[in-house]
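> Below is the sequence, then the predicted model.
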Amino acid sequence: GGGIASVTSAEKAALSPSIGDFVYDTDLSSLQRYNGSNWISVANGYRLVSVTNSSGVPTYYTNLKTAYDSTSLGVVVLHSDITVNAVNTITFKDGVYINLNGYAYTYDVADGSAVFNTSGSVVGFEFGVYNGYVNRLNQSGGTYAINIGTNANVDLSNLTFINSSNMCLATNSKTKAFGSRFEANGSGQGNLISSSGVLNGGSLIHSGTGENRCSGGTLYKVYCESVSSNAIQILNNGKGYHLNGKSTSGDGLRATSGSKLYHSTGISTSGSGAVLGGSSVAEYCTGESTTGIGFYAVSGSTYYCKGVSSTGIAFYVGVLAEFCTATTNSGSYAYLMGNINSSLINSIGNVNSGTGSGVDINSTGCKVIDCKMFLSSSSAYGLVPGGRSTFVNGLKVKGSTQLINWGGASLNAWTATADAQLNSAQL
């Protein structure tokens, strides 16, 4: 490409052009063609891509990969929608960005090739593609449409990236994605944030079969969604901050193997709103489910968290729940304590309808300390140990005259006898 003059608007007005002449108006950032009476912006429809040099002079191409490979620094800009039907994988380079400029880049190749990837070490590199649409059609194999290596700084902001048949984003780098959507179809881990990966902003969507996953990485202000599995699973000491997860049949949020969730919300129709396993921790998080358990902390600790279920148990306590709230809108329990020696401290339970009780004890050695249960039925109980040894202190109940159903044990494990106030000098 080349041979097109770059002029200001004033310089353009002083020209004596012929019909069909081209100029690039630097004031308008527009490629224009003279139609005999006016200069008309014509880039749209000419399938053009521009690369501007350090002097501000653009060179034009008809192929994005050719334009990208031609430069070692700067921004490659689309000026129209482009579709490619042959392998044209672009390997990211340090210092080179792609501005889609609001247009769509469609990569329609029936193979496993990525649209964008990295090669070799990219530590400290800076690159990206932003401000437009990318469509990957007919990709085969278990590969990602965009695959980014370790410890680069990547800009994927204001980008809609859809893989119609396979997985979408895999990154192991610091990735800025505010205003972006990465949608996977097919099966497998729809979008993957790996151990050195940090994703800031954006949406991770799995419209096929499988979950989005963060394995040892970190997510900030990310919306996650899956129609068939977990909206997001965070594992291997990963972290999630200010997340929103939504699933139809899986879990809204799932954190396992030492991972941490902060200020996040998970919502599910038939799964659990939020799940903690493998010594994970959640603080200031919410789990909501229509038919499942609201917050299912099977082997994790929760602080200042909230569990809500429309028809099921609101909160499962597997290790520790402190300063938490559980609300069920059915006749189920607010809390289920399912593991040996689990603790419920300074927490509130609400049973808004039916005859459900506040806390169901399903294992021995559990502790319920300084908790309040608000019940809808006068025949319900604040606590149901079911004959299991339980440590109780400071339990208060409203809406029922039934405090505890000891299930035949008639014992408070703090003192071996239950006094009227459930207090003990042994605390």
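Cool, the structure landed.
> residues contacting the residue nearest to Asp69 when sequence neighbours are not counted?
In this structure, Asp69 finds its nearest non-sequential neighbour in Ile90, 8.0 Å apart by C-beta to C-beta, 6 or more residues apart in numbering. Just so you know, the C-beta spots here come from the backbone N, C-alpha and C atoms, and that holds for glycine as well. Counting by C-beta atoms under 8 Å, 6 or more residues apart in numbering, Ile90 touches 64-65, 68-69, 98, 115-117.
> same question, Tyr223
Counting by C-beta under 8 Å, 6+ apart, Tyr223 makes contact with 202-204, 243-246.
> Quick one: those as CSV, columns for distance to Tyr381 and secondary structure too.
Shown next, in CSV, are the contacts of Tyr223 (distance: C-beta to C-beta, whole Å; DSSP: H, G, I helix; E, B strand; the rest coil):
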residue, distance to Tyr381, secondary structure
Gly202, 46, coil
Ser203, 44, strand
Leu204, 43, strand
Leu243, 36, coil
Asn244, 35, strand
Gly245, 34, strand
Lys246, 34, strand
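> Give me the below-cutoff pLDDT ranges for the chain.
Applying pLDDT under 70 to the chain flags the ranges 1-2, 42-47, 408-427.
> Mind checking which residue lies nearest the centre of it?
Centroid check for the chain by C-alpha atoms, centre = their mean gives Cys224 as the closest residue, at 3.4 Å.
> beta partners for it?
Beta-bridge pairing for Cys224 (DSSP bridges): Leu204, Gly245.
> State the distance from it to Thr8.
Going from Cys224 to Thr8 by C-beta to C-beta, to the nearest Å gives 48 Å.
> same thing with Tyr262?
From Tyr262 across to Thr8, the span is 52 Å (C-beta to C-beta).
> neighbour-wise, which of these two wins?
Remark: of Tyr262 and Thr8, Tyr262 carries more neighbours, 16 against 13, as counted by other C-beta atoms under 10 Å.
> Wait, that one touches His242, no?
Yes - applying C-beta atoms under 8 Å, one finds Tyr262 in contact with His242, separated by 7.4 Å.
> in the chain, which spans are helices?
Ranges of helices in the chain, per DSSP state H, are 9-13, 64-69.
> Rebuild these as a markdown table, extending it with distance to Ser272.
Below are the helices of the chain laid out as a markdown table (distance: least, C-beta to C-beta, whole Å):
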| stretch | distance to Ser272 |
| --- | --- |
| helix 9-13 | 61 |
| helix 64-69 | 43 |
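> Tell me which of those sits most buried.
helix 64-69 (a mean of 19; mean count of other C-beta atoms under 10 Å).
> That one - contacts with which helices or strands?
strand 49-52, strand 74-78, strand 82-84, strand 90-91, strand 96-99 (3 or more C-beta pairs under 8 Å, 6 or more residues apart in numbering; DSSP states H and E).
> ok, the spatially closest residue to Asn131 that is not a sequence neighbour - contacts?
Leaving out its chain neighbours, the residue that sits closest to Asn131 by C-beta to C-beta, 6+ apart is Asn158, at 4.7 Å. Asn158 makes contacts with 130-132, 178-180, as judged by C-beta under 8 Å, 6+ apart.
> hmm, try it at 7 Å
Contacts for Asn158 (C-beta atoms under 7 Å, 6 or more residues apart in numbering) come out as 130-131, 179-180.
> Figure out which of the helices and strands packed on helix 64-69 is closest to Ser196.
strand 90-91 (19.3 Å; C-beta to C-beta).
> ok now the closest one, how far from the chain's centre?
Its chain's C-alpha centre and that of strand 90-91 lie 26 Å apart, by C-alpha atoms, centre = their mean, to the nearest Å.
> What strands line up against it, and which way round?
Take DSSP bridges as the rule and strand 90-91 pairs in its sheet with strand 116-117 (parallel).
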